[in-house]
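Enquirer: predicted model, plus sequence, below.
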Amino acid sequence: MSLLQPQTRYQLLATIIVNIITFAHGVGVGWLSPTLTTIQTAQSPLDFQVNIDEVSWLGSMLGLGSLCGNLTIALLLERMGRKFCIYLLAGPYACLWILIYSAENVGYLYAARFLCGFTGGAGYVVVPIYISELANSSIRGALTSMVMLSVNLGILVGYILSSYLPYHVVPFLGILLPIAYFLANLMLPETAPYLLMQSRATAAEASFRYYNNQHGAVESANKADFEQLRAAIEAREAERTSAVSYKDLLTRPALKAMAAATVLSLGYQFSGVFSFINYMSAIFTASGAVLDVNSSTIIIGVVQIVGVYSSTLLVDIIGRRILMLISTLGVALGCFVFGLFTYFAAQSDLSAFNWLPLLLMVLIVYLGNIGLIGIFFVVLVELFPAKIRSVATSISVVFLSLLVFGTLKLFPLLLHHMGISITMWFSAVSALLTFVYFLLFLPETKGKSMVED
């Protein structure tokens, strides 16, 4: 189904609007790397310099903020609704740029980086759930995968802005994003499934008609679709005599989904694809790549976008499982060869092949983005039974945030003490183990109903 056909036009519009905040989060993430090169020097645009220990905390503060964002949204998502949580993201993100502009000491930057993580951690929970509840099953994968496409585009833009614009100019541009995001969201209604769960049938039908571009009289076929949705929600709610309890998380389907989500999160982080983006300059320096760090980072930023866009095109055609298998196996092989090159380069003169690290990293990042990164949240949301989806997704993203904090702290230490080759081989083994698990146990969730188990 085309994303531009009349029936799905407003679903695409809503996806673009809510992804303004994921794009903005990417800008905040991408802003840090080039900025670090200036605020550590005597030419710092601030009234202070940042030392290496403070740099490590600036990097990992993203994970702590993400954790708090996960927990906050987990508490509010079912109580206050998807739209309230989406509005909530604008405030912390706007404060991020105010703190960056007015920074008088490194504590301001810690707080800004924390708020960047908070926005991302909260957005990674609510935005995929919001999109999955408004989208038709035939295009749900493509729309949900736009989350990471927006983040990667934002990272590239953040890198370019902070590389070529003065430090105090970037916040003026950055703060326009949460303003535009908040205003644009005023036109979007709450999702029909959530409204039905709140016994607001009239509002739910209006929302259903809006997102399916049905104006005026409702066609009988579309009316039947809404009634089918309402029947599924009512049947599910009738079974739920109380709030989700720990027993609901211990059923066989729930445990299988939690196991798959755990491996998915571990594979995402320990395969190194996220750490590579954050410490790309250190990797290229250690590998002896031919191009300068700035050029290489821009190239990798473009490759990220191409990779996630590829996943957007393919996810509803060949399915989630195949993309995950290609991605994990490709990252494993790429990291293994990268480690081999750096191992032999340390013993022999391979300067004639100093373009190879960039080529290998391009392949690793591309393959990582078509699966592990690009459709991470598509698969995560679709894995869980409907009754526990919000709670289980929140738990999984909390776990992911802890892994983000840990891996962003561990990776530079591993790189420094063990060397580039062992670091890449560790990533290769992690990706290979993830591939084996997915090959044996990961279910295909393409076309899965979001209201029925």
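Expert: Sure thing, it's come through.
Enquirer: residue 129 sits in which helix or strand?
Expert: Counting by DSSP states H and E, the element that carries residue 129 is helix 106-134.
Enquirer: any stretches of this structure with poor pLDDT?
Expert: The chain contains residues with pLDDT under 70 at 1-4, 6, 215-222, 224-225, 232, 234-245, 281-282, 288-291, 293-294, 447-453.
Enquirer: same thing but 50
Expert: Residue ranges of the chain with pLDDT under 50: 1, 217, 241.
Enquirer: break it into its domains for me.
Expert: 1-188, 192-239, 246-453 (automatic domain parsing).
Enquirer: need these in CSV with mean neighbour count, can you?
Expert: Backbone N, C-alpha and C define where each C-beta goes, glycine included. Shown next, in CSV, are the domains of the chain (neighbours: other C-beta atoms under 10 Å):
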stretch, mean neighbour count
domain 1-188, 20
domain 192-239, 16
domain 246-453, 20
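Enquirer: so what's residue 158 up against?
Expert: Contacts for residue 158 (C-beta atoms under 8 Å, 6 or more residues apart in numbering) come out as 26-31.
Enquirer: dump these into CSV; add secondary structure and distance to residue 167 as well.
Expert: CSV is the format used below for these (DSSP: H, G, I helix; E, B strand; the rest coil; distance: C-beta to C-beta, whole Å):
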residue, secondary structure, distance to residue 167
26, helix, 19
27, helix, 15
28, helix, 14
29, helix, 17
30, helix, 14
31, helix, 10
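Enquirer: now render the residues you listed as a markdown table, adding distance to residue 385.
Expert: Shown next, in a markdown table, are the contacts of residue 158 (distance: C-beta to C-beta, whole Å):
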| residue | distance to residue 385 |
| --- | --- |
| 26 | 31 |
| 27 | 35 |
| 28 | 34 |
| 29 | 32 |
| 30 | 36 |
| 31 | 39 |
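Enquirer: closest one of those residues to residue 12?
Expert: Comparing the contacts of residue 158 against residue 12 with C-beta to C-beta places residue 26 closest, at 19.6 Å.
Enquirer: next one: residue 368 from residue 427, what distance?
Expert: From residue 368 over to residue 427 the distance is 10 Å, taken as C-beta to C-beta, to the nearest Å.
Enquirer: overlap of the contact sets of the two?
Expert: Contact criterion C-beta under 8 Å, 6+ apart; residues shared by residue 368 and residue 427: 271, 331.
Enquirer: how about residue 44, secondary structure?
Expert: coil (DSSP: H, G, I helix; E, B strand; the rest coil).
Enquirer: distance check, it against residue 37.
Expert: 10 Å.
Enquirer: go on, residue 419?
Expert: Here residue 419 is placed at a distance of 23 Å from residue 37 (C-beta to C-beta).
Enquirer: what does residue 286 give?
Expert: 17 Å.
Enquirer: repeat for residue 22
Expert: For residue 22, the distance to residue 37 equals 26 Å [C-beta to C-beta].
Enquirer: again, but for residue 196
Expert: For residue 196, the distance to residue 37 - C-beta to C-beta - is 52 Å.
Enquirer: with residue 359 instead?
Expert: Applying C-beta to C-beta, the value for residue 359 to residue 37 is 25 Å.
Enquirer: one more: residue 324?
Expert: Taking C-beta to C-beta, one finds residue 324 at 35 Å from residue 37.
Enquirer: repeat for residue 130
Expert: To residue 37, residue 130 is 37 Å away according to C-beta to C-beta.
Enquirer: can you check residue 72 too?
Expert: Residue 72 sits at a distance of 33 Å from residue 37 (criterion: C-beta to C-beta).
Enquirer: okay, whichever strand or helix holds residue 297 in CSV with CA atoms only?
Expert: In the assignment (DSSP H and E), residue 297 maps to helix 293-314. Extracted C-alpha coordinates of helix 293-314, given in CSV (Å, rounded to 0.1, in the frame of the first residue of the first chain):
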residue,chain,number,x,y,z
VAL,A,293,37.5,12.7,11.0
ASN,A,294,35.0,15.4,10.1
SER,A,295,34.6,14.1,6.5
SER,A,296,34.3,10.5,7.7
THR,A,297,31.7,11.4,10.3
ILE,A,298,29.6,13.2,7.7
ILE,A,299,29.8,10.2,5.4
ILE,A,300,28.7,7.9,8.2
GLY,A,301,25.8,10.2,9.0
VAL,A,302,24.6,10.0,5.4
VAL,A,303,25.0,6.2,5.4
GLN,A,304,22.8,6.0,8.5
ILE,A,305,20.1,7.8,6.7
VAL,A,306,20.3,5.7,3.6
GLY,A,307,20.3,2.5,5.8
VAL,A,308,17.2,3.4,7.7
TYR,A,309,15.5,4.6,4.6
SER,A,310,16.2,1.3,3.0
SER,A,311,14.6,-0.4,6.0
THR,A,312,11.5,1.8,5.6
LEU,A,313,11.1,0.6,2.0
LEU,A,314,11.7,-3.0,2.8
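Enquirer: ok, the residue most central in space within the chain - contacts?
Expert: In the chain, the centroid-proximal residue (C-alpha atoms, centre = their mean) is residue 148; its distance is 4.8 Å. Contact analysis of residue 148 by C-beta under 8 Å, 6+ apart lists 22, 308, 311, 369, 373-377.
Enquirer: if we go to 10 Å?
Expert: Taking C-beta atoms under 10 Å, 6 or more residues apart in numbering as the criterion, residue 148 is in contact with 19, 22, 26, 124, 128, 304-305, 307-309, 311-312, 369, 372-378.
Enquirer: and if you look at residue 339?
Expert: So residue 339 contacts 287, 360, 419-428 (C-beta under 10 Å, 6+ apart).
Enquirer: for these, which one is nearest residue 202?
Expert: Distances from residue 202 to the contacts of residue 339, taken by C-beta to C-beta, are shortest for residue 427, at 52.4 Å.
Enquirer: host element of that closest one?
Expert: helix 420-441.
Enquirer: which elements pack onto that helix?
Expert: In terms of contacts (3 or more C-beta pairs under 10 Å, 6 or more residues apart in numbering; DSSP states H and E), helix 420-441 is packed against helix 252-270, helix 273-278, helix 280-287, helix 320-345, helix 356-368, helix 389-418.
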